[in-house]
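**Q** Please work out how this folds:
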Amino acid sequence: MSSTIRTTRFSVLDRSRTRQGHPQADALRDTVALARHAERLGYHRFWVSEHHSVPGVAGSAPTVLAAAVAAATSVIRVGTGGVMLPNHRPLVVAEQFGVLESLFPGRIDMGLGRSVGFTGGIRRALGADKDAAEDFGDRLAELTGYFTGTQRSHPQVHAWPAEGLRVPAFVLATGAGAQSAAEAGLALVIGDVRGRQRMREAIDGYRAAFRPSALWDRPYVVVSGTVAVAGSAAEARRLLLPEAYALAHSRTHGVFPPLRPAAEAEAAAGAMPERERGFYDAALRGQLYGTDEEVADALGTLIEETAADEVLVTTSTYERAPLLESYERLAGVAGLAGAGGGRREAADRR
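**A** All right, here's what the predicted structure looks like:
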């Protein structure tokens, strides 16, 4: 096992995936329960996401859900992965995070993305057109300026109670996100959806172009991705089948559905048309899954290749017990405190 795993932070991102046959409210309650579980295991942060008008995702209001998670936990850092800034006014986002940080001091993270609504109808409902991401850099500067008291977009406007508070900000590396993070001097969250080589190139570019800011004095890289751990590689792969089916369905039907049981997803995949089956197989390739030892080796390689400061794990599946076990096994691999690893970090550390 690579020693770098034991010195790297591990965190959790949950997207509040809905499940076939269960009300959407269950997905939100499951997220809060998973946050408690992650805290007991010693994970560093727990983040929630933002999706609008998606049948398979209940997490549409990340700052509201983050408040519920923070209230249900006591030590773990809580944040968003992320708030999609093109959908919101920077002043309102600053105020929301100012309230969160005031209520839960030293525990709040502000993860920010530049994605817009998936369809024209959603974008119109949000009041953001498909080009809204083009001014992401300006919105980012305005938002962080409300915390530091340096924003100039709206003189005489203050975001109370945000001004003067220090809330670590992270930028999701979608589109030009890595460049935006470097220019603004913020932490970077990046996955390998376009391939490991491109991910490394983006990270190298971010580090080279990074300009220190009031929020981060050095580059900070969070590598994100799906990780599933079980007693066998076959069992771990089985955890990924419901999400792979949902993704393939969305690519061919335009709707991202609730998760269905793994056995149903596997059977349905066997009857898929060739094009849809291609999306299903692609969704399973490149995912990090296996036994404790196999995942430890793969994570060690990933961390060494990227020199990541942190790994942000997201895993979505239908069956809850195997999901919780996967996070327990991963905590053991990472040597987290709740898994008997003895490693614990102060809550006020970024």
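
**Q** quick one, phi psi at residue 82?
**A** Dihedral pair for residue 82: phi -150, psi -180, per degrees, to the nearest 10.

**Q** need the contact list for it.
**A** Residue 82 is in contact with 47, 49, 50, 62, 110, 111, 112, 113, 170, 171, 172, 189, counting by CB atoms under 8 Å, 6 or more residues apart in numbering. All C-beta atoms are positioned from the backbone trio N, CA, C, and that covers glycine.

**Q** And those residues, which is closest to residue 261?
**A** Proximity of those to residue 261 was ranked by CB to CB; the top entry is residue 49 with 23.0 Å.

**Q** before we move on, back to that, from the contacts of residue 82, which land in strands?
**A** 47, 110, 111, 112, 113, 170, 171, 172, 189 (DSSP state E).

**Q** Output the lowest mean pLDDT helix or strand found in this structure.
**A** helix 120-126 (a mean of 71; mean pLDDT, DSSP states H and E).

**Q** After it, heading C-terminal, what element do we hit next?
**A** Per DSSP states H and E, the first helix or strand lying C-terminal to helix 120-126 is helix 136-148.

**Q** one step back: and the contacts of residue 82 as CSV, adding distance to residue 236 and neighbour count?
**A** What follows is these, written out as CSV (distance: CB to CB, whole Å; neighbours: other CB atoms under 10 Å):
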residue, distance to residue 236, neighbour count
47, 23, 27
49, 23, 24
50, 28, 22
62, 28, 23
110, 32, 28
111, 27, 26
112, 31, 30
113, 28, 25
170, 28, 29
171, 30, 29
172, 26, 27
189, 24, 28
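
**Q** Of the residues you listed, just say which sits nearest to residue 336.
**A** Out of those, the member with the shortest distance to residue 336 (by CB to CB) is residue 47, at 16.6 Å.

**Q** was I right about the closest one contacting residue 80?
**A** Yes: between residue 47 and residue 80 there is a contact at 5.9 Å, judged by CB atoms under 8 Å.

**Q** pLDDT and distance to residue 233 added to the ones in strands among the contacts of residue 82, as JSON lines?
**A** As requested, the ones in strands among the contacts of residue 82 are exported to JSON lines (pLDDT from 0 to 100; distance: CB to CB, whole Å):
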{"residue": "47", "pLDDT": "98", "distance to residue 233": "27"}
{"residue": "110", "pLDDT": "97", "distance to residue 233": "37"}
{"residue": "111", "pLDDT": "95", "distance to residue 233": "31"}
{"residue": "112", "pLDDT": "96", "distance to residue 233": "36"}
{"residue": "113", "pLDDT": "89", "distance to residue 233": "32"}
{"residue": "170", "pLDDT": "97", "distance to residue 233": "32"}
{"residue": "171", "pLDDT": "96", "distance to residue 233": "34"}
{"residue": "172", "pLDDT": "93", "distance to residue 233": "30"}
{"residue": "189", "pLDDT": "97", "distance to residue 233": "27"}
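
**Q** and the two most separated of those residues?
**A** 47 and 171 (13.3 Å).

**Q** can you list the weak-confidence ranges in the stretch 101-250 of the chain?
**A** Within the stretch 101-250 of the chain, the ranges that satisfy pLDDT under 70 run 116-120, 123, 127, 129, 131-133, 193-194.
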